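Novice: what would the 3D arrangement of this be:
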Amino acid sequence: MHHYNIAVLVGSLRKESFSLKTAKNLKSLTPKSLSLEILDLHDLPLYNQDLEAAPPEQWKKLRQEINAADGVLFVTPEYNRSIPAVLKNAIDIGSRPKENNTWNGKPGGIISISPGQLSAFGANHHLRQVLVPVNVPVMAQPEAYVGGAATLFDENGEINNESTKDFLKMFLRSYEQWVITNTKL
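Specialist: Predicted coordinates for the structure are as follows:
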């Protein structure tokens, strides 16, 4: 069995964010062929083309981590019907310079999570649009919208809802097939 390294990008910087808790829980729900690594986006300087002559170390590290990944998984909240700035910044950094686009061809998956009933639908679809020009083929089905996040976790940050766990397992099995189908070995 081939092993696939998946970079996980979390769209929230908050320590107790629902997105981060979800991303951490995914590790125990993931098929054995996938290894998930949550990338640290906390200290990424904003993208500025003027810095490309001597890129910040955080940019270099992010680019190396994405280059080393076989696929990318995004776990995001919704901010003002869109994606958080930290995610957009990471995408911009990884896509530049254009001839070295680290995202190019990486099979992608998106899980959006929110305390509300719309389950970050807007962020999910906006992120899909943002990933098109950087050539991330995003899995179309199943779509993953997780609502009611405020009630999904126990005091240890573990998902306490079996139907949510079952859904995420199913999503990850589908994503595993997406990665297998879309990865160049």
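Novice: now what about the helix or strand hosting Leu127, what contacts it?
Specialist: Assessed by DSSP states H and E, Leu127 sits inside helix 121-131. With C-beta atoms under 8 Å, 6 or more residues apart in numbering as the test, helix 121-131 has contacts from 11, 74, 76-79, 81-84, 87-88, 91, 103, 108, 110, 112, 138, 143-145. Bear in mind the C-beta positions are built from the backbone N, C-alpha and C, glycine included.
Novice: could you pull out the strands for this protein?
Specialist: 4-10, 34-38, 71-76, 108-113, 144-146 (DSSP state E).
Novice: the first one pairs with which strands?
Specialist: Partner strands and pairing direction for strand 4-10 (DSSP bridges) are strand 34-38 (parallel), strand 71-76 (parallel).
Novice: outside of the last one, which residues touch it?
Specialist: Applying C-beta under 8 Å, 6+ apart, the external contacts of strand 71-76 come out as 4-12, 19-20, 22-23, 26, 36, 66, 83-84, 87, 103, 106-113, 120, 123-124, 127, 136, 175, 178-179, 182-183.
Novice: one more time with 6 Å
Specialist: Residues outside strand 71-76 that contact it (C-beta atoms under 6 Å, 6 or more residues apart in numbering) are 6-11, 19, 22-23, 83, 87, 106-112, 123, 179.
Novice: can you pull up the most central residue in this protein?
Specialist: Centroid-nearest residue in the chain: Phe74, 1.4 Å away (criterion: C-alpha atoms, centre = their mean).
Novice: quick revisit: just want the angle from the helix holding Leu127 to strand 71-76.
Specialist: For helix 121-131 against strand 71-76, the angle between stretch directions is 150 degrees (axes from the mean of the first three to the mean of the last three C-alpha atoms, to 10 degrees).
Novice: export helix 121-131 to CSV, keeping only CA atoms.
Specialist: Taking C-alpha atoms only, helix 121-131 is exported to CSV below (Å, rounded to 0.1, in the frame of the first residue of the first chain):
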residue,chain,number,x,y,z
PHE,A,121,-21.1,27.1,2.9
GLY,A,122,-19.8,30.4,1.5
ALA,A,123,-16.2,29.8,2.6
ASN,A,124,-16.3,26.3,1.2
HIS,A,125,-17.4,27.5,-2.3
HIS,A,126,-15.2,30.6,-2.3
LEU,A,127,-12.2,28.5,-1.4
ARG,A,128,-13.0,26.3,-4.4
GLN,A,129,-12.9,29.4,-6.6
VAL,A,130,-9.6,30.5,-5.2
LEU,A,131,-8.0,27.1,-5.8
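Novice: read off the pLDDT value for the nearest residue to Met139 once chain neighbours are set aside.
Specialist: Nearest residue to Met139 in three dimensions, chain neighbours excluded: Trp178, at 4.3 Å (C-beta to C-beta, 6 or more residues apart in numbering). As predicted, Trp178 sits at a pLDDT of 98.
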